[in-house]
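Chemist: what follows is a predicted structure for the sequence shown.
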Amino acid sequence: MEILIIEDETRAASQLERMLKECSFYYKLLDIIDTVEDAVLWFQKNNTPDLVFMDIQLADGLSFEVFQKIEVEAPIIFTTAFDQYAIQAFKVNSVDYLLKPIQKDALNTALDKFLKSNKPAAIHPYILKQLLGSMQAPPKREGLLVKEGNGFVQIKVSELLYCYSEDSITFGVTSNRRFIIEETMDELLGSLDQNTFYRINRGQIVAKSSIQKMVPYFNHRVKLSISNPRDQEFIVSRPKTSDFKKWMNM
């Protein structure tokens, strides 16, 4: 069984691979890809895998964009950290999915469904349009509930300058404080206004209002000057540079 993993978080990809082994699922891992652009190139140059595990939010956009560029014949099991409102699209259209953090029982069920099915999970253009629409129009989030001492306080999303991941912990930063957010970067980004926040690389999300300056950087990337940087460097990854510039110009 040859499988392809399309996932932009190294830890999540490693965890999925470990869980597949625990499920006694015998497979050959062909590759791990983290961008829409690289996924399109991979499918153009390689034979169709037996199964693809595909994260929805990749380093340079939504994985559904892959299907807009090329025809993918392989069965797909999506992985997602988006809230239940978006998952309804998968249920209605019978597209397999796993909700992050992935549970072993759910993975076993998805694999069993795949192994018993004789037809590929092809995605109809109408279904793709519905999925893209549901993912790109999340409800606007206004607050973050974070721990403070023995209690909790709410941070206004409008005050958020940026978020970053360090040692598998997600931090949020405002003009005068740093705090822990008990969500993964995928989960957090899925609930934020995509016109206001942008994930510039695997480990950083920035608010447009926090960007003071952007300059060319090594290897066709872009370096940002951000309000209250707290010893962080903000470099837009190469696959995202073009899209980021368009986002800044909106």
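Modeler: Good, I have the coordinates.
Chemist: buried residues in stretch 61-76?
Modeler: For stretch 61-76, the neighbour count (16 or more other C-beta atoms under 10 Å) marks G61, L62, S63, F64, E65, V66, F67, V72, A74, P75, I76 as buried. Using the backbone N, CA and C atoms, a C-beta is placed for each residue, glycine as well.
Chemist: surely the fifth one is within a helix?
Modeler: Spelled out, it's E65. Yes: the assignment for E65 is a helix, going by DSSP: H, G, I helix; E, B strand; the rest coil.
Chemist: tell me the domain ranges of the protein?
Modeler: Listed by automatic domain parsing, the domain ranges of the chain are 2-136, 143-248.
Chemist: okay, the residue located most distally from the centre of the chain: pLDDT?
Modeler: Within the chain, N150 marks the point farthest from the mean C-alpha position, 31.7 Å out by C-alpha atoms, centre = their mean. Listed pLDDT for N150 reads 87.
Chemist: which residues touch it?
Modeler: Counting by C-beta atoms under 8 Å, 6 or more residues apart in numbering, N150 makes contact with nothing.
Chemist: and the next element down the chain from the worst-scoring helix or strand of the chain on mean pLDDT?
Modeler: None of the helices or strands of the chain scores lower by mean pLDDT, DSSP states H and E than helix 84-92, at a mean of 52. Using DSSP states H and E, the helix or strand that follows helix 84-92 in sequence is strand 97-99.
Chemist: which other helices and strands contact that following strand?
Modeler: strand 76-80, helix 84-92, helix 104-116 (3 or more C-beta pairs under 8 Å, 6 or more residues apart in numbering; DSSP states H and E).
Chemist: can you list the strands that the first one pairs with?
Modeler: Strand pairing for strand 76-80, using DSSP bridges, gives strand 51-55 (parallel), strand 97-99 (parallel).
Chemist: starting at the chain centroid, how far to that strand?
Modeler: Taking C-alpha atoms, centre = their mean, to the nearest Å, one finds strand 76-80 lying 11 Å from the centre of the chain it belongs to.
Chemist: could you list the low-pLDDT ranges of this protein?
Modeler: Where the chain drops to pLDDT under 70, the residues are 82-95, 118-139.
Chemist: in this structure, which spans are helices?
Modeler: For the chain, the helices defined by DSSP state H occupy 10-22, 36-45, 64-69, 84-92, 104-116, 125-136, 185-191, 241-248.
Chemist: so how far is the third one from its chain's centroid?
Modeler: Centre-to-centre, helix 64-69 and its host chain are 15 Å apart (C-alpha atoms, centre = their mean).
Chemist: other SSEs contacting that helix?
Modeler: So helix 64-69, by 3+ C-beta pairs under 8 Å, 6+ apart, packs with helix 36-45, helix 125-136.
Chemist: run the angle between the first one and strand 51-55 for me.
Modeler: The one in question is helix 36-45. 170 degrees (axes from the mean of the first three to the mean of the last three C-alpha atoms, to 10 degrees).
Chemist: check which helices and strands helix 36-45 sits against.
Modeler: strand 28-33, helix 64-69.
Chemist: so which elements touch the first one?
Modeler: Judged by 3+ C-beta pairs under 8 Å, 6+ apart, the packing partners of strand 28-33 are strand 2-6, helix 36-45.
Chemist: list the neighbouring strands of it plus their orientation.
Modeler: Partner strands and pairing direction for strand 28-33 (DSSP bridges) are strand 2-6 (parallel).
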